[in-house]
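> just need the structure, nothing else, for what follows:
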Amino acid sequence: MAHVRAKRRTSAALSPPVTSTRAPNTQTPFADALLRVTSLGMSSLHALPVSGGRSIEDSELRSKYRDIFGDAYLAADGSMSGAVLDSFFRPKSSLARAQRIAAEAFGADSTFFITGGTTLANRVAIDAMADFLTATGKAAPRVLADRTSHQSAHFCLDRAPLDISYCNQRFCCDRHGRTWADVNDLVHRYREAAASGDHFDLVVLSGANYDGAMLDMRTLLTELLQHSESLNLIVDEAWSAINAFHPGLCENTALAAARHVLAENPTKTIRLIVTHSAHKSMSAIRQGSYLHVSGDDELVQRVSMSLYRNHTTSPSLPILASLDLARAQAELEGADLLDRSLACAQRLGLLVNEHPEYSGFSVEESPGHDDPWIVPDRTKVLLTVDPSISDACELRLRLARDYGLYVARVVDHAILINLHIGVTEEIFQRFLAALLEISTSGVVGPPSAGTDTGFLVAYPPGIPLRVPGQKAGSEEERRLTEIHKNNAELFQA
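The predicted structure is shown next:
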């Protein structure tokens, strides 16, 4: 499979990240090409796309389509490829240019746009790397895998012809349930394997996770490369793609760290595939993912073939365009937007930890604060709530129901707040106002079934769980817990 690459560079002289010396490139060749094509109002005699909404012109459901998607999206969601727009698997024009600009921006040799999410990107990466390694003659290449990797990596590794070892099954976590890799164990296993002459052929890492724990990539790569002449890596940085565009954060990304380590070890080799779930930190449509390759021409070709084997032949044109646009926005505005997020995180910590009106809440220390291998992602804030004010699950429910603020992660007595670049000052102020109101008014948490102060009613269905004078046992406690988890409202009367 042919693929257009960024200009090839020697490992010791790879270009610095975009935020240091490269001027922002705001060109969006694929997005522009899609806009040109959709403006023509072209009718399809091929597949039946919803393009322009023609198949629903007289439908009673048209208004719902338009309210959800909008006319512009309906027009862009076409089924055009080849000479009209570009080939997805053998790009030569607009998509090729968009991917080449993205590779230059992130500091990769090649970048692929993927419309099936990072779950698919990880599958493409592992399939390509397994193919690359087995081509050397090894029947079952040895893999050292991060236990905290996303499920997609585990499932793909399980299916590949690989001999897999996981770093410590008792992966690191804190008292709130946040997790990150046991890097000490990973390094120990890699070092011991190298000393015995039975090297690991591939290391699979979760570089930045959901809980806000990022690996100190430069230190880790330096340590691993001390024990081998070459290093093959797949790094899932699902939650930190935007960091490549911030001067204070880019140096810890896998691609930048590999450049620095290779500059210090010019006789050694790093082959690296990095996957980015773009929509988690950049302005891309969901399921948009970047897959970056660095260090080997043959590996790039293996990735291209793996993409062909695994990716849908009907990629979403709006998702592809959003990846082009998201990269351009990140180059132009990413650093400023990240600064806003970091400032919000700092303000939140100061408010809840120092001001009495927010006394029902506290900000926990960053994950891995005492782990030298971990760098905290400070845009992920773990907010603990005093149980006397609220149960964490009830807090999450009230934030959504009463304030229009969605939180996904609840751990122990805390909720995880992701202050991404889409959290505007207005949204942040609304969140602070919600915390203040909840802190002063309180939230009804799960009452105990062992009391006998009156009626206890769950709605729905509105049938008393307890009547005055009733003493309840363990079964009633269990029922209350289950009802509370199901977000039913509890009333005492």
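
> helices of the protein, residue ranges please.
Secondary structure of the chain (DSSP state H): helices at 29-39, 62-76, 94-106, 117-134, 151-159, 183-196, 217-225, 254-264, 297-310, 317-354, 392-403, 425-441, 474-485.

> now the fourth one and helix 297-310, what's the angle there?
Okay, so that is helix 117-134. 130 degrees (axes from the mean of the first three to the mean of the last three CA atoms, to 10 degrees).

> same check, this time on the longest one
Between helix 317-354 and helix 297-310, the angle comes out at 100 degrees (the same axes, to 10 degrees).

> who are the packing partners of helix 317-354?
helix 29-39, helix 62-76, helix 94-106, strand 110-114, strand 361-363, strand 380-385, helix 425-441 (3 or more CB pairs under 8 Å, 6 or more residues apart in numbering; DSSP states H and E). Every C-beta, even on glycine, is put in place using the N, C-alpha and C of the backbone.

> contacts for the last one?
If you take CB atoms under 8 Å, 6 or more residues apart in numbering as the criterion, helix 425-441 is touched by 340, 344, 347-348, 351-352, 357-361, 389-390, 395, 398-399, 402-405, 417, 419.

> check the shortest one too.
Outside strand 361-363, the residues within contact range by CB under 8 Å, 6+ apart are 348-349, 352-353, 381-386, 435, 439.

> what lines up beside the longest strand belonging to the chain in the sheet?
The residue-count maximum for a strand in the chain (DSSP state E) belongs to strand 269-277. Strand 269-277 sits in its sheet next to strand 230-236 (parallel), strand 289-294 (antiparallel), going by DSSP bridges.

> with neighbour count added, can I get the contacts of strand 361-363 in TSV?
Formatted as TSV, those follow (neighbours: other CB atoms under 10 Å):
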residue	neighbour count
Leu348	21
Gly349	16
Val352	23
Asn353	12
Val381	22
Leu382	23
Leu383	22
Thr384	18
Val385	25
Asp386	13
Leu435	23
Ser439	21
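
> out of the residues you listed, who's nearest Ile242?
Val381 (16.6 Å; CB to CB).

> run a quick neighbour tally on the residue nearest to the closest one when sequence neighbours are not counted.
Nearest residue to Val381, sequence neighbours excluded (CB to CB, 6 or more residues apart in numbering): Ile417, at 4.4 Å. By other CB atoms under 10 Å, 23 other residues sit near Ile417.

> what's the answer for the one 3 residues further on, then?
In terms of burial, His420 registers 18 neighbours under the definition other CB under 10 Å.

> which residues does it contact?
280-281, 341, 379 are the contacts of His420 under CB under 8 Å, 6+ apart.

> export those residues to TSV and tack on distance to Leu456 and neighbour count?
Putting the contacts of His420 into TSV (distance: CB to CB, whole Å; neighbours: other CB atoms under 10 Å) gives the following:
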residue	distance to Leu456	neighbour count
Lys280	41	21
Ser281	44	30
Ser341	42	21
Thr379	41	23
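
> out of the residues you listed, which is nearest to Pro315?
Lowest distance from Pro315 to the contacts of His420 (CB to CB) belongs to Lys280, with 19.6 Å.

> show me what contacts the closest one?
238-239, 241, 420.

> what's the answer for Asn209, then?
Counting by CB under 8 Å, 6+ apart, Asn209 touches 148, 179-180, 238-239.

> export those to a markdown table and append columns for distance to Thr38, pLDDT and neighbour count.
A markdown table is the format used below for the contacts of Asn209 (distance: CB to CB, whole Å; pLDDT from 0 to 100; neighbours: other CB atoms under 10 Å):
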| residue | distance to Thr38 | pLDDT | neighbour count |
| --- | --- | --- | --- |
| Thr148 | 42 | 91 | 22 |
| Thr179 | 44 | 87 | 19 |
| Trp180 | 44 | 92 | 26 |
| Ala238 | 30 | 94 | 26 |
| Trp239 | 32 | 96 | 26 |
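
> tell me the pLDDT at His3?
For His3, the model assigns a pLDDT of 51.

> would you mind giving the helices and strands packed on helix 317-354 as JSON lines with mean pLDDT added?
Converted to JSON lines, the helices and strands packed on helix 317-354 look like this (pLDDT from 0 to 100):
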{"stretch": "helix 29-39", "mean pLDDT": "93"}
{"stretch": "helix 62-76", "mean pLDDT": "91"}
{"stretch": "helix 94-106", "mean pLDDT": "98"}
{"stretch": "strand 110-114", "mean pLDDT": "98"}
{"stretch": "strand 361-363", "mean pLDDT": "95"}
{"stretch": "strand 380-385", "mean pLDDT": "95"}
{"stretch": "helix 425-441", "mean pLDDT": "94"}
